[in-house]
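>>> below are the sequence and a predicted model for it; my questions follow.
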Amino acid sequence: MSIRVQLDDIRAAHERIRAHIIPLRLAPSPSLSEQFKGDILLAHEYLQITGAFKLRGAMNSVLQLKPDTSGVTAVSTGNHGRALAYSAKQAGVPCIICMSELVPKNKLEAIRALGAETRISGKSQDEAEIEAQRLVDEEGYTMIPPFDHQHVIAGQGTLGLEMLEQVPDVDTVIVQLSGGGLISGIALALKLQNPDIRVIGVSMELGAAMAASQQAGKPIEVEELPTLADSLGGGIGLDNQLTFNMVRDYVDQIVLLSEAEIAAGIRHAYYQEQVILEGGGAVGIAALLAGKVESGNKTIVLLSGKNIDMERHRKIINREDYQHG
Ligand SMILES: *Cc1c(COP(=O)(O)O)cnc(C)c1O
């Protein structure tokens with residue numbers, strides 16, 4: 001039996017998580033509206049608790065756990081790990097985030113500060129994944145993956161509902177794309193209510209696994225490379241169940257950005273919008289500035305997260321560094 005996400009799942013997710021999240025704040029961007037066609041609105045979702053939209057999917061998953069589960073686990077020290085740690089704490093569910101020895105101390109501490117246990121095993125992500133799977137198989141934990149999961153996709157899709165609620169005549173939406181949970185949920189929520197809305201996905205040139213997979217017609221592996229948009233890194237899974245097909249069916253266009261273009265997006269957000277964004281959060285603005293997507297009459301640009309190392313941010317806005325490192 002194949003699992004599918006329906007509009008009703010997204011609506012139910014919205015009711016479920018509403019009391020636990022910060023609603024989406026949409027506001028016009030005078031600077032972008034002046035430069036590009038039509039009205040451009042920014043969706044300030046980096047204001048979400050834990051600094052990124054991932055709380056929506058994690059919270060929707062945690063609130064639907066089977067009562068006999070021992071707790072939740074994931075292999076992520078990024079925005080998904082943070083979101084899961086926070087959601088589990090809120091729900092009073094034990095949470096173990098698995099990671100390798102190579103994870104920087106500040107990331108590890110950020111996860112602990114949110115109330116999760118951390119489990120460090122080996123020198124690679126693979127070893128951390130083996131430990132997480134062992135927790136599932138032997139200790140009754142539930143794995144919450146970062147994107148390829150119906151409850152996660154439905155949670156992220158609540159952003160699409162809020163966009164359409166607040167801007168009923170939106171015609172173009174620009175969304176970041178990595179594993180595709182975010183864009184799949186949003187595109188489903190929008191297109192099942194208005195099939196004419198254009199949904200555009202933005203990734204970085206360095207290691208865009210979903211874009212390469214769509215080109216190949218099936219999930220493929222792509223070498224992971226350091227990028228300013230670090231929250232958009234990683235594969236889509238060779239056994240991808242949901243997001244590969246949803247991106248194929250619902251996303252109108254995928255564009256890829258260079259590191260310099262992403263840096264320009266971060267700088268524009270800072271100097272023109274007074275907003276601090278991580279690289280992944282800024283790619284929508286960056287895609288417009290690079291001339292790689294065309295705005296509509298009413299365009300929403302999602303700003304998905306703000307969790308960037310501030311020393312690195314300082315270097316980017318001062319043009320001391322726009323490469324990875
Ligand atoms: C995870 C993440 C994305 C991409 O979401 P996917 O569901 O993996 O496509 C975009 N922006 C930020 C800030 C993220 O943390």
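Perfect, I can see it now. Fair warning: this is a prediction, and the values are worked out from it, not measured in the lab.
>>> show me the contact partners of the helix or strand of the chain with the lowest mean pLDDT.
The weakest-scoring helix or strand in the chain, judged by mean pLDDT, DSSP states H and E, is helix 105-113 (a mean of 90). Contacts to helix 105-113, defined as Cβ atoms under 8 Å, 6 or more residues apart in numbering, come from residues 77-78, 81-82, 85, 97, 99, 118, 120. C-beta here means a position set from N, CA and C on the backbone, and glycine is covered the same way.
>>> what do you get if the cut-off is 7 Å, keeping everything else the same?
When contacts are defined by Cβ atoms under 7 Å, 6 or more residues apart in numbering, helix 105-113 is touched by residues 77, 81-82, 85, 97, 99, 118.
>>> kindly report the same for stretch 55-72.
So stretch 55-72 is in contact with 13, 16-17, 20-21, 48-49, 80, 83-84, 86-88, 91, 93-96, 139-142, 144, 149, 151-156, 158-159, 181, going by Cβ under 7 Å, 6+ apart.
>>> now the least confident helix or strand of the chain, how far from the chain's geometric center?
Mean-position distance between helix 105-113 and its chain equals 20 Å (Cα atoms, centre = their mean, to the nearest Å).
>>> right, and the helix or strand after that helix?
For helix 105-113, the following helix or strand on the C-terminal side (DSSP states H and E) is strand 117-120.
>>> now for the one residue in the chain that gets nearest to the ligand: which residues touch it?
Residue of the chain nearest the ligand, by Cβ to the nearest ligand atom: residue 305 (2.5 Å). Contact analysis of residue 305 by Cβ under 7 Å, 6+ apart lists 46, 51-53, 79, 231, 278, 280-281.
>>> need the contacts of helix 105-113 in CSV with distance to residue 107, neighbour count and pLDDT, can you?
Formatted as CSV, those follow (distance: Cβ to Cβ, whole Å; neighbours: other Cβ atoms under 10 Å; pLDDT from 0 to 100):
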residue, distance to residue 107, neighbour count, pLDDT
77, 4, 22, 85
81, 8, 28, 96
82, 9, 27, 96
85, 12, 28, 98
97, 10, 29, 97
99, 8, 24, 91
118, 10, 18, 95
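>>> now render the residues you listed as CSV, adding distance to residue 245.
Output for the contacts of helix 105-113, formatted as CSV (distance: Cβ to Cβ, whole Å):
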residue, distance to residue 245
77, 28
81, 26
82, 28
85, 30
97, 29
99, 30
118, 34
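>>> quick one, phi psi at the residue of the chain closest to the ligand?
Dihedral pair for residue 305: phi -170, psi 160, per degrees, to the nearest 10.
>>> what does residue 256 give?
Dihedral angles of residue 256 (phi, psi; degrees, to the nearest 10) stand at phi -120, psi 140.
>>> touching, it and residue 206? I think so.
No - using Cβ atoms under 7 Å, residue 256 is not in contact with residue 206; the gap is 8.9 Å.
>>> if we can go back for a sec, what's the distance between the residue of the chain closest to the ligand and residue 231?
To residue 231, residue 305 is 6 Å away according to Cβ to Cβ, to the nearest Å.
>>> what sits in contact with each of these two?
Contacts common to residue 305 and residue 231, judged by Cβ under 7 Å, 6+ apart, are 79, 278, 280.
>>> which helix in this protein runs the most residues?
Ranked by residue count under DSSP state H, the longest helix found in the chain is helix 150-166.
>>> tell me which strands and helices it is in contact with?
Here helix 150-166 is seen to pack against helix 7-17, helix 55-62, helix 181-191 when contacts are counted using 3 or more Cβ pairs under 7 Å, 6 or more residues apart in numbering; DSSP states H and E.
>>> and the very next helix or strand once past that helix, which strands flank it?
Next helix or strand after helix 150-166 toward the C-terminus (DSSP H and E): strand 172-176. Looking at strand 172-176 with DSSP bridges, its partner strands are strand 198-204 (parallel), strand 298-303 (parallel).
>>> quickly check: strand 172-176 near the ligand or not.
Yes - judged by Cβ under 6 Å from any ligand atom, strand 172-176 and the ligand are in contact via residue 176.
>>> what's the answer for stretch 254-274, then?
No - remark: stretch 254-274 sits outside contact range of the ligand, by Cβ under 6 Å from any ligand atom, the gap being at least 11.3 Å.
>>> buried residues in that stretch?
Of the residues in stretch 254-274, 254-259, 261-270, 273 count as buried by neighbour count, 16 or more other Cβ atoms under 10 Å.
>>> related to what we said a few turns ago, got a quick ChimeraX command for the buried subset of the contacts of stretch 55-72?
Remark: buried members of the contacts of stretch 55-72, expressed as a ChimeraX selection using 16+ other Cβ under 10 Å:
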select :13,16,17,20,21,48,49,80,83,84,86,87,88,93,94,95,96,141,142,144,149,151,152,153,154,155,156,158,159,181
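>>> check residue 235 and give its pLDDT.
We have a pLDDT of 93 for residue 235.
>>> tell me, how many residues neighbour the residue nearest to it when sequence neighbours are not counted?
In space, and not counting its chain neighbours, residue 235 is closest to residue 209: 4.7 Å by Cβ to Cβ, 6 or more residues apart in numbering. Neighbours of residue 209 under the rule other Cβ atoms under 10 Å: 26.
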